[in-house]
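Chemist: Kindly generate the corresponding structure for this input.
(one chain, ligands or ions: 1)
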Amino acid sequence: MALFQSVPPPSAQSPLGSKVKVTNDEFTQLRDFIYQQSGIFIAEARKYLIENRLNNRIRELNLKNFGEYYYYLRFDPNRRNELTKLFEVITTNETSFWRNPPQLEVFQNKVLAAEIDKIRANRSKKLRIWSAGCSTGEEPYTLAIILHEVLKNEIGAWDIRITANDLSEAVLAAARRGMYTDYALRTTPKAIIDRYFVKDGANYQVAPKLKTLISFGPINLSDRLMLKRVERSNIIFCRNVIIYFDDEMKRQVIESFYDNLLPGGCMLIGHSESLHNISRAFKPEYHTGTIVYRKEA
Ligand SMILES: C[S@@+](CC[C@H](N)C(=O)[O-])C[C@H]1O[C@@H](n2cnc3c(N)ncnc32)[C@H](O)[C@@H]1O
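Modeler: Residues are numbered from 1 along each chain as shown. Model (predicted):
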């Protein structure tokens, strides 16, 4: 039996439009639960985030307060579905195509060019890239475009996979659809839009030849075992994701990325993120506009 079947309708406790407040104890309880489930750490100063973002869930579930919501998440038979919803609500999914152009230039002209030469020298054509925390897909599609730009007609002869993962099922569904507004493309060169997108009304649909390079799927970066199952990568992109973790979780996730990388492989993180006090395993390579973190061969 569902735990909260006897809870009266919302009008009895939280009149429509009135906001349910989170107490300090409820906040601590929920913050710890969210951290345990996802590695996302919500500091005290961002208590309002929990309050604002979860009010709708409380209303939709006909619950009275945040304490009841916590018990729903812990014990209700529907708790797995609610956890999926919670992940959708608490994650920040901001992204865009061609995000951080100086970093992408280093990626295209230095990192990828050298990796391709190395793979060719080994008489192979296999390349694996991991976009961890891919949000609605703009990052892995950007990488797929760059691969087309670099390999040109030769790309069909390569065995390429971009593994693109996220915690939120909702963003993954949008990523698989591959339909975007012009706002998502605001920093993308016009010539690239013309070559890789088809206009559909006011929107832009990504070309099928990009979709075939990418495999979208769910992941929880706080789950070490899940990360162990990801195929080993030549290059990892994890940009603007670890910023939401505390240092302990950052260390754990970065260590898993290190283990996942093939010898000589490298990792790129967001421009406001750093491995200072997190990991000394990588050899940093300093370029104008970005640092490339290299696993020694
Ligand atoms: C701000 S977006 C960054 C998207 C893209 N990497 C970029 O830089 O444009 C952060 C993404 O990380 C995802 N994320 C947060 N915690 C996660 C976790 N524990 N496991 C997997 N993905 C997570 C969020 O769902 C969100 O889509």
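
Chemist: residue ranges for the strands of the stretch 51-200 of the chain, please.
Modeler: 126-132, 159-166, 179-180, 197-200 (DSSP state E, counting those that start in this stretch).

Chemist: need the residues of the stretch 151-297 of the chain near the ligand, please.
Modeler: 166-168, 171, 219-222, 239-241, 244, 270 (C-beta under 6 Å from any ligand atom). Just so you know, the C-beta spots here come from the backbone N, C-alpha and C atoms, and that holds for glycine as well.

Chemist: Mind checking which of these are in helices?
Modeler: Among those, the members found in helices (DSSP state H) are Val171.

Chemist: Same list as before, the strands of the stretch 51-200 of the chain that is, but in TSV and with mean pLDDT included.
Modeler: Putting those into TSV (pLDDT from 0 to 100) gives the following:
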stretch	mean pLDDT
strand 126-132	98
strand 159-166	98
strand 179-180	98
strand 197-200	97
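
Chemist: which residues of this protein score low on pLDDT?
Modeler: Counting by pLDDT under 70, the low-confidence segments of the chain come to 1-17.

Chemist: Which segments of it make up each domain?
Modeler: According to automatic domain parsing, the chain comprises the domains 10-90, 101-294.

Chemist: Can you tell me which of the ones you listed is packed in deepest?
Modeler: domain 101-294 (a mean of 17; mean count of other C-beta atoms under 10 Å).

Chemist: what's the span of it, first residue to last?
Modeler: For domain 101-294, the separation between the terminal residues is 20 Å (C-alpha to C-alpha, to the nearest Å).

Chemist: And the helices in the stretch 101-250 of the chain?
Modeler: Counting by DSSP state H, counting those that start in this stretch, the stretch 101-250 of the chain forms helices over residues 101-106, 113-121, 138-151, 169-177, 190-196, 208-211, 224-228, 247-260, given from the N-terminal end onward.

Chemist: Out of the ones you listed, which gets nearest to Glu60?
Modeler: If you check each of those against Glu60 by C-beta to C-beta, helix 169-177 wins as the nearest, at 15.1 Å.

Chemist: If you count contacts, what does that closest one end up packed against?
Modeler: Based on contacts counted as 3 or more C-beta pairs under 8 Å, 6 or more residues apart in numbering; DSSP states H and E, the elements that helix 169-177 packs against are helix 79-90, strand 159-166, strand 214-218.

Chemist: could you give the angle of the shortest one to strand 126-132?
Modeler: Taking axes from the mean of the first three to the mean of the last three C-alpha atoms, to 10 degrees, one finds that strand 214-218 is oriented at 40 degrees with respect to strand 126-132.

Chemist: strands paired with strand 214-218, and their directions?
Modeler: strand 159-166 (parallel) (DSSP bridges).

Chemist: hmm, who's touching the partner strand?
Modeler: The list of residues contacting strand 159-166 from outside it, by C-beta atoms under 8 Å, 6 or more residues apart in numbering, reads 91, 125-135, 137, 139-140, 143-144, 147, 172, 175, 213-219, 230-231, 233.
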